[in-house]
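A.B. asks: whatever this is, show me its structure:
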Amino acid sequence: MHPLDELSADEITQAAELVRKKLGGESGKLRFQVITLAEPTKAELAAFASDGSAPLRAAECLVLLVDKQEVSEIVLDLATGAVVREKIIPSGTQPLFSPDDCFLAERIVQEDPEVKRLLSDRYGISDMSQVACDPWSVHLADDSDRSYAKWKEGAPQGRLIQTFLYWRKDGGMACNHYAHPIDLLPVVDLNAEKVIRIDGSERMPPPKIPSEPVNYHRDLVKNNTYLPSKFRDAPAALNVTQPDGPSFVVDGNVVKWQGWDFRVGFNYREGLVIHDASFQGKMVLRRGSLVEMAVPYADPHPPFQRKCAFDVGDYGLGYCANSLELGCDCLGHIHYFDGTLSDSAGKPYTVKKAICMHEEDQGLLWKHVEYRNAHNESRRSRELVVSFIATVVNYEYLFYWRFKQDGTIDYEIKLSGELSTNLMSAAEDVPSHGVIVAPGVNSQYHQHMFCTRLDVEVAGASNTVSEIDIITEPMSPSNPYGNCFKPQETTLRTEKEGIRTGDPMKARHWKISNPSILNSISGKPVAYKLIPFTRGPAQPPLLVSPDCAVAKKGMFATKHLWVTPYSPSERYPAGEFTPQGDGSNGLPAWTAQDRQLDGQDVVLWHCFGVAHIPRVEDFPVMPCEVTGFTLKPDGFSLGNPGIDIPPDANKASKCCSHGV
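C.D. replies: Below is the predicted model of the structure:
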């Protein structure tokens, strides 16, 4: 077993039993929010790689004691059963919402007498199975929101979920309920298992629920009225076959392919994690993952000031991972990795096929024709794609690590799924901060901001980060014709210098170099460069006002880059616990120390995203939007790393125009 292998089902069961035994009669009503691997430190992993010294095999547990409204963080030695570390997190701090929490919230709302009465009186809805209750964390936008979080006098802040309501008009679970939003918004305290308030009930007369069928489900497309009600003719079959099998080799969670070596990891929060990625025998990325998101909605009308999710910290991408389908989600010769997680009772379960790995043809990698004799040399580009997909309530997020034969890594996110819809506010005839995407259905402006944590080690742990701008040189004696431009490199020496914003007008990018190793051709340090905006268009950072509570909690998203020295305790840029949190224990606090970066073991936090002004074409289900970045070698090799790819002409290809 490798120290980074995720906990097995037996280990999860063991950890849950140890927690119950430790808490004994104090446990009361107990909910396991998390049981996961307590990852060893880099020093411990280095010792293991050097001499086989196995680090502690430990489980990290987050346990909610409902009766006491108390959350304990317990780390257990699985070999001895001893408690390695234990602390009670501060009162009012909320751990993430597990899938069981979300189902519980929906059940509480569907069984609430006042919710039932309002739906019956206002809309004639009496069958609660026709009511979908989308669970959202509650963003505390102002003092008023913070005060009702403490709705019960003398008790700690409630554990709140707000549920946006929709009518499943027909077709049961297959119905696209986002075409039928309801104006009521119940708020649940999960600890009390109680609806504590219902926004929207004061609106009289009640607005009409949109009733037009706008379906995407294969069984209900036939019911559409203004959208197509039958499928178009299918295109000709396009099969991806590899008669000789795949080019990758898998040993447990270790993958080898075309000069790349790396380890695949998976956990409840980040989902897919890439460990120990090296190219041509030299380390590039010690650990890479998506560590946070901020998704603010721009509607100023209450109660939508509370509509802002931090999806990674609020729900956990691993908890939201799909079981992927062969031939649909993934084409070709596929290797799947399962994920093992725990439910709120501490019982293990497996997400089958949580991670997909396959090869893709990506056109030409390089080509040249000697025009004098028409001799052609070209090589096709093969990519190894490692991916997973998370459904976070209404949205699908598709995450792809793309490893290339020339040493490049592309990180790509595709956004699909359904828009989170609502009715227009009472004072509106036309939405001020949204778009009508179906009859009577409003979709609000919003952003999706992502943050990746890139623990880089370019040919070693001591790296230097610099910013590169391409600048125009002024006319001068050394530039008499004015045709000169060049890169301008600025070393980021401290954390405050390492807080940066992208600038596509200067082709701005960031270089991670190892000054102790020089490229024998260029004489410059070996390096990789982080290039923003390579997947999809250039996009701004967080667009909300700097004084907004979203900006304070999501400060990480106000810049495109942060650089910190490695610290094992600095894991998540908005802090460990985002529900009802303020982000105070995250990147802004860490970087305020202004620690030295030059020649250190550094971590890059790259933030990027999509400003989404919805289109009619985004409904009823959204064609993929794309965003992402590239890590590209810059003096890491002695030349084109793909020069040794053997010539090959695909003999299975057929000509349909010239008869040959």
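A.B. asks: sec struct for the spatially most central residue of the chain, please.
C.D. replies: In the chain, the C-alpha nearest the mean C-alpha coordinate belongs to residue 290, at 5.0 Å (CA atoms, centre = their mean). Here residue 290 is recorded as strand under DSSP: H, G, I helix; E, B strand; the rest coil.
A.B. asks: once you drop chain neighbours, what's closest to it?
C.D. replies: Nearest residue to residue 290 in three dimensions, chain neighbours excluded: residue 452, at 5.4 Å (CB to CB, 6 or more residues apart in numbering). (Each C-beta comes from the backbone N, C-alpha and C, glycine too.)
A.B. asks: and the one you found, what does it touch?
C.D. replies: By CB atoms under 8 Å, 6 or more residues apart in numbering, the contact set of residue 452 is 288-291, 411, 605-607, 629.
A.B. asks: make CSV out of these and add distance to residue 69.
C.D. replies: What follows is the contacts of residue 452, written out as CSV (distance: CB to CB, whole Å):
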residue, distance to residue 69
288, 36
289, 31
290, 31
291, 28
411, 39
605, 33
606, 37
607, 34
629, 41
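A.B. asks: for residue 516, state which of the residues you listed is nearest.
C.D. replies: residue 288 (22.6 Å; CB to CB).
A.B. asks: neighbours of that closest one, how many?
C.D. replies: Other residues near residue 288 number 26, with proximity taken as other CB atoms under 10 Å.
A.B. asks: return the distance of it relative to residue 629.
C.D. replies: As for residue 288, its distance to residue 629 is 11 Å (criterion: CB to CB, to the nearest Å).
A.B. asks: common neighbours of the two, please.
C.D. replies: With contacts defined as CB under 8 Å, 6+ apart, the residues shared by residue 288 and residue 629 are 411, 452.
A.B. asks: where are the low-confidence patches of this structure?
C.D. replies: For the chain, the stretches flagged by pLDDT under 70 are 25-28, 659-660.
A.B. asks: show me the helices in it, by range?
C.D. replies: Per DSSP state H, the chain has helices spanning 9-23, 42-51, 99-111, 113-123, 143-149, 311-315, 549-553, 587-591. These are given in chain order.
A.B. asks: next, the buried residues of the fourth one.
C.D. replies: Residues of helix 113-123 classed as buried under the neighbour-count rule (16 or more other CB atoms under 10 Å) are 115-116, 118-119, 122-123.
A.B. asks: just the first one next, same as before
C.D. replies: Residues of helix 9-23 classed as buried: 11-16, 18-19, 22 (neighbour count, 16+ other CB under 10 Å).
A.B. asks: count of neighbours near residue 221?
C.D. replies: For residue 221, using other CB under 10 Å, the count is 16.
A.B. asks: can you tell me the closest non-neighbouring residue to it?
C.D. replies: residue 215 (5.6 Å).
A.B. asks: thought residue 320 was touching residue 390?
C.D. replies: Yes. The criterion here is CB atoms under 8 Å, and residue 320 meets it with residue 390 at 4.0 Å.
A.B. asks: now the common contact residues for these two.
C.D. replies: Residues touching both residue 320 and residue 390 (CB under 8 Å, 6+ apart): residue 271.
A.B. asks: got the end-to-end distance for stretch 143-161?
C.D. replies: Stretch 143-161 stretches 18 Å from its first residue to its last (CA to CA, to the nearest Å).
A.B. asks: so what touches it?
C.D. replies: 64, 69, 91-92, 94, 97, 101-102, 105, 135-140, 187-192, 196-197, 305-306, 579-580.
A.B. asks: and with 6 Å instead?
C.D. replies: In this structure, residues lying in contact with stretch 143-161 by CB atoms under 6 Å, 6 or more residues apart in numbering are 69, 91-92, 94, 105, 135, 138, 140, 187-191, 196.
A.B. asks: mind putting those residues in a markdown table, distance to residue 373 and neighbour count included?
C.D. replies: Shown next, in a markdown table, are the contacts of stretch 143-161 (distance: CB to CB, whole Å; neighbours: other CB atoms under 10 Å):
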| residue | distance to residue 373 | neighbour count |
| --- | --- | --- |
| 69 | 80 | 18 |
| 91 | 79 | 11 |
| 92 | 76 | 17 |
| 94 | 70 | 25 |
| 105 | 71 | 27 |
| 135 | 67 | 22 |
| 138 | 70 | 24 |
| 140 | 71 | 23 |
| 187 | 75 | 24 |
| 188 | 75 | 28 |
| 189 | 78 | 22 |
| 190 | 74 | 21 |
| 191 | 78 | 22 |
| 196 | 80 | 15 |
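A.B. asks: now the two most distant members of those residues.
C.D. replies: 91 and 135 (23.2 Å).
A.B. asks: helices or strands up against the lengthiest strand in the chain?
C.D. replies: Longest strand in the chain, counting residues (DSSP state E): strand 348-370. If you count contacts as 3 or more CB pairs under 6 Å, 6 or more residues apart in numbering; DSSP states H and E, strand 348-370 packs onto strand 335-342, strand 375-392.
A.B. asks: tell me the most buried of those strands?
C.D. replies: strand 335-342 (a mean of 20; mean count of other CB atoms under 10 Å).
A.B. asks: residues touching that strand, excluding its own?
C.D. replies: Against strand 335-342 from outside (CB under 6 Å, 6+ apart): 6, 9, 12, 32, 35, 250, 264, 266, 268, 348, 350-357.
A.B. asks: quick one: buried ones out of those?
C.D. replies: Neighbour-count burial (16+ other CB under 10 Å) is assigned, among these, to 6, 12, 32, 35, 264, 266, 268, 348, 351, 353-357.
A.B. asks: residue 205 versus the nearest residue to residue 180 once chain neighbours are set aside, what's the distance?
C.D. replies: In this structure, residue 180 finds its nearest non-sequential neighbour in residue 167, 4.0 Å apart by CB to CB, 6+ apart. For residue 167, the distance to residue 205 (CB to CB) stands at 17 Å.
A.B. asks: kindly report the same for residue 173.
C.D. replies: To residue 205, residue 173 is 30 Å away according to CB to CB.
A.B. asks: kindly report the same for residue 199.
C.D. replies: As judged by CB to CB, residue 199 and residue 205 stand 17 Å apart.
A.B. asks: compare the two (neighbour count), which wins?
C.D. replies: Using other CB under 10 Å as the criterion, residue 199 and residue 205 rank with residue 199 on top: 16 against 6.
A.B. asks: am I right that that one is in contact with residue 185?
C.D. replies: Yes. At 4.1 Å, residue 199 and residue 185 qualify as touching, with contact defined as CB atoms under 6 Å.
A.B. asks: need the overlap of contacts for the two.
C.D. replies: Joint contacts of residue 199 and residue 185 (CB under 6 Å, 6+ apart) are residue 303.
A.B. asks: distance check, the residue nearest to residue 180 against residue 64.
C.D. replies: Counting by CB to CB - residue 167 and residue 64 are separated by 32 Å.
A.B. asks: higher neighbour count, those two?
C.D. replies: Taking other CB under 10 Å, residue 167 and residue 64 do not tie; residue 64 has more neighbours (23 against 20).
A.B. asks: so who does the more buried one touch?
C.D. replies: 31, 33, 71.
A.B. asks: contacts only, for the first one.
C.D. replies: Spelled out, it's residue 31. Taking CB under 6 Å, 6+ apart, we find residue 31 in contact with 64, 344.
A.B. asks: partner residues bridging it?
C.D. replies: With DSSP bridges as the criterion, residue 31 is bridged to residue 64.
A.B. asks: mind listing the strands for the stretch 551-660 of the chain?
C.D. replies: Here the stretch 551-660 of the chain has its strands, by DSSP state E, counting those that start in this stretch, at 561-565, 602-612, 625-633.
A.B. asks: and residue 77, which of these is closest to it?
C.D. replies: That would be strand 602-612 among the strands of the stretch 551-660 of the chain, by CB to CB, at 27.3 Å.
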